[in-house]
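In: All I have is the shape, not the residue letters:
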């Protein structure tokens, strides 16, 4: 036999719908955290399919290639706007809008690369109709990486040399005769 529910100590509140809700004393209604959604996984890339399937991976690669093509178009239009900034008939507002759109597209593409698992791979260009794109060989990737490292090293060396010249000029005593 169950005891009468009115004999339990509870806090009773009446909602706007006319139904009462009961709550145990000492407990409050659970309020979600404002940033709770940030901790939930994003399943927008692969709804209802295995996220590790080859078909899903191919779809993610195609999606990334589309994003990269969009980025290239936005970057070209932004660069053209910057280069033509002082020409008559050019709108600085359009250049500013292109820059904002480019930043948003960069963030969206970076998020997509991170979530899809494609980010660690080189992004090959999308082949046009009737053409094929061959994946670069390991030797090509290695030579590209070595060339990039050498260029970055040279740039760093030039920056350090320039900084040393500036530091020497600032530290040198004034040699002008007064």
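Out: Yes, it's here. Being a predicted model, the structure only gives us computed values, none of them experimental.

In: Now do the closest residue to residue 64 other than its chain neighbours, the pLDDT please.
Out: Using C-beta to C-beta, 6 or more residues apart in numbering and skipping the chain neighbours, the partner closest in space to residue 64 is residue 118 (4.9 Å). To be clear about C-beta, it is placed using only N, CA and C from the backbone, and glycine gets the same treatment. In this model, residue 118 is scored at 83, pLDDT.

In: so residue 141 touches residue 122, yeah?
Out: Yes - look at residue 141 against residue 122 with C-beta atoms under 8 Å: they come within range, at 7.0 Å.

In: The residue nearest to residue 64 and residue 60 touch, don't they?
Out: Yes - if you go by C-beta under 8 Å, residue 118 and residue 60 touch, sitting 5.2 Å apart.

In: who touches both of the two?
Out: Common contacts of residue 118 and residue 60, defined by C-beta atoms under 8 Å, 6 or more residues apart in numbering, comprise residue 112.

In: ranges for the strands of the chain?
Out: Remark: strands assigned in the chain by DSSP state E are 11-14, 20-23.

In: for the last one, what is the average pLDDT?
Out: This means strand 20-23. Rounded mean pLDDT across strand 20-23 is 48.

In: Same check on the first one?
Out: On average, the pLDDT along strand 11-14 is 46.

In: residues contacting residue 99?
Out: So residue 99 contacts residue 78 (C-beta under 8 Å, 6+ apart).

In: Any figure for the gap between it and residue 67?
Out: Here residue 99 is placed at a distance of 18 Å from residue 67 (C-beta to C-beta, to the nearest Å).

In: Likewise for residue 56?
Out: As judged by C-beta to C-beta, residue 56 and residue 67 stand 16 Å apart.

In: Pull out the buried positions in stretch 124-132.
Out: Within stretch 124-132, no residue is scored as buried using 16 or more other C-beta atoms under 10 Å.

In: can you list contacts of it?
Out: Under the contact criterion C-beta under 8 Å, 6+ apart, stretch 124-132 has outside partners 65-66, 69, 133, 135.

In: Would you mind measuring the gap between the ends of that stretch?
Out: This stretch, stretch 124-132, spans 11 Å end to end (C-alpha to C-alpha, to the nearest Å).

In: and that stretch, what's its mean pLDDT?
Out: Averaged over stretch 124-132, pLDDT sits at 75.

In: Sounds good, over and out.
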